[in-house]
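Asker: Sharing a model prediction with you, sequence too.
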Amino acid sequence: MNSTPMRIEHIALWTDDLERFKQFYVRYFGAVAGSGYINASKGFESCFLSFGDGARIEAMKTTSLNPVAIEPGAQRMGLTHFAVSLGSEALVDELTRRLKDDGYPVLDGPRRTGDGYYESVVLDPDGNRVEITA
């Protein structure tokens with residue numbers, strides 16, 4: 001049996017604007033965008049966004065499928081948010097303020113939650129909920 005601990009390698013999110021999606025995570029969360037992948041015959045394009053600890057988001061765009069669009073920030077069954085830890089309450093406050101000043105919706109916080117997190121909840125350009133935690 002493999003003794004290496006399991007970890008989530010990446011999450012994948014559909015977007016209708018790959019460049020806008022990439023720039024949001026690069027600008028606000030320090031992600032590094034990979035070179036990208038295009039499969040024209042399948043109408044598929046993607047790019048991995050890497051974070052300092054090894055976590056990644058695969059941003060994907062399609063012209064051959066019709067992903068179901070939901071209301072931005074909607075609570076739904078399944079994946080409802082992911083969290084990015086910044087390491088301090090001051091950094092949560094600073095990034096939340098920056099995002100709000102730049103016109104991104106801040107749904108909640110910054111605040112201390114009942115389970116002990118210091119966090120805010122914002123929407124990315126595609127309406128995905130992102131928790132920003134200390």
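Answerer: Yes, it's here.

Asker: gap between the residue positioned nearest the centre of the chain and residue 38?
Answerer: Taking Cα atoms, centre = their mean as the criterion, residue 130 is the residue nearest the geometric centre of the chain, at 5.8 Å. Going from residue 130 to residue 38 by Cβ to Cβ, to the nearest Å gives 26 Å. For every residue, glycine as well, the C-beta is placed using N, CA and C.

Asker: Also residue 73?
Answerer: Residue 73 sits at a distance of 30 Å from residue 38 (criterion: Cβ to Cβ).

Asker: do the same with residue 32
Answerer: When residue 32 is compared with residue 38 (using Cβ to Cβ), they lie 19 Å apart.

Asker: Give me the packing partners of the strand or helix carrying the residue nearest to the centre of the chain, helices and strands only.
Answerer: Counting by DSSP states H and E, the element that carries residue 130 is strand 129-133. Contact analysis of strand 129-133 by 3 or more Cβ pairs under 8 Å, 6 or more residues apart in numbering; DSSP states H and E lists strand 81-85, helix 89-101, strand 118-123 as its packing neighbours.

Asker: Kindly recompute the last result at 6 Å.
Answerer: Taking 3 or more Cβ pairs under 6 Å, 6 or more residues apart in numbering; DSSP states H and E as contact, the helices and strands that strand 129-133 lies on are strand 81-85, strand 118-123.

Asker: where exactly do the strands run in this structure?
Answerer: Assignment of strands within the chain using DSSP state E yields the ranges 10-14, 32-33, 37-39, 44-50, 56-62, 81-85, 106-112, 118-123, 129-133.
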